[in-house]
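[1] Here is the input, now give the coordinates:
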Amino acid sequence: MESIKITDKEFERLVKFIQSKYGIDLGRKKVLIEGRLSKMITEQGYASYTEYLNKVFSDETGLETVNLVNKLTTNHTYFMREAQHFDFLKNVMLPQIERTVTDRDARIWCAASSSGEEPYTIAMIIDEYFGTKKAGWDLRILATDLSTDILKKAQKATYSAEALKDIPTSWKTKYFTRNADGTYTVVDRIRKEVIFKQFNLMDNIKYKKPYDIIFCRNVMIYFDTPTKNALVERFYDCIKPGGYLLIGHAESVSKSSRFKFVQPATYQKK
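    From the prediction side, this is the model:
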């Protein structure tokens, strides 16, 4: 069965929709779009991208839009990715939380959680740092992502041995159960420390109290500059003074931002 090609007009229509609704810039991703959508569109009986997009845009339930986003968003991550951030979490941010959070209710948000490796890594580091002192603290992590498919995978918390390649050997026995097929599943007590929710970073950020730390790594690379700058300023408004924003090492924050640079990909609210 021959796959359908996307016309320039259809491509422009799809790119504009994704950018306006989700902030994601797919303007140079024509090959990616065809690679991920053409087979599905053909299998579902559509004669063209126009026919498919008309269906997506007219679906009032929003399910077709969710399916489209699930197909187009890239999710590649592993445990301890960009390890400098986790060293900084252990050596600087968690001691600061222990000293300054008097009600023992810390707010940590992993804003692009993908398949779960990042928030579970954070939970394990918190567990290692606090140890027996953890009782009486609320140190749960809010983990959000746009893709509902990837959130389901994150909640299952089962990973290949390759995904665990960079974690300390002792963690494999302390924080994982090895399955018969060679995969590993995060233990329940760590899984319970992470709360997964679907969230579009273009929406208003609602919160009961300001965040101590926001991880938003390797997602703003898909945004254009105005969208990225606006998101960074929204993050600033919902972080407590002295709190931190961590982004991917391939990303940057504008020099006009209100954040103070601390170290590469690490920023603090003044």
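
[2] from here on, contacts and neighbour counts on C-alpha atoms
    Noted.

[3] Run through the neighbouring helices and strands of the longest strand anywhere in the chain.
    The strand spanning the most residues in the chain, taking DSSP state E as the definition, is strand 239-247. In this structure, strand 239-247 makes packing contacts with strand 211-216, strand 266-268, judged by 3 or more C-alpha pairs under 8 Å, 6 or more residues apart in numbering; DSSP states H and E.

[4] Now the phi/psi pair for the residue nearest the centre of the chain, please.
    Averaging the C-alpha coordinates of the chain gives a centre point, and the residue nearest to it by C-alpha atoms, centre = their mean is Ala112 (1.2 Å). The main-chain torsion angles of Ala112 are listed as degrees, to the nearest 10 and equal phi -140, psi 70.

[5] swap in the one 3 residues further on?
    In this entry, Ser115 is assigned phi and psi values of phi -90, psi 10 (degrees, to the nearest 10).

[6] shouldn't it be in contact with Lys156?
    No - in this structure Ser115 lies outside contact range of Lys156 using C-alpha atoms under 8 Å: 9.2 Å.

[7] Give me the more crowded residue out of the two.
    In terms of neighbours (other C-alpha atoms under 10 Å), Ser115 is the more surrounded of Ser115 and Lys156; the figures are 25 against 13.

[8] need the contact list for that one.
    Taking C-alpha atoms under 8 Å, 6 or more residues apart in numbering, we find Ser115 in contact with Asn75, Thr77, Ile150, Leu151, Lys153, Ala154.

[9] any idea which of the residues you listed is closest to Ile190?
    Taking C-alpha to C-alpha as the measure, Ala154 is the one of the contacts of Ser115 closest to Ile190, at 12.6 Å.

[10] got the contact list for the closest one?
    Applying C-alpha under 8 Å, 6+ apart, one finds that Ala154 lies in contact with Ser114, Ser115, Gly116, Glu117.

[11] Who are the packing partners of the helix or strand following the longest strand of the chain?
    Using DSSP states H and E, the helix or strand that directly follows strand 239-247 along the chain is strand 260-263. With contacts defined as 3+ C-alpha pairs under 8 Å, 6+ apart, the packing partners of strand 260-263 are strand 266-268.

[12] Which strands border the strand it packs on, and is each parallel or antiparallel?
    Here strand 266-268 has these sheet partners by DSSP bridges: strand 239-247 (antiparallel), strand 260-263 (antiparallel).
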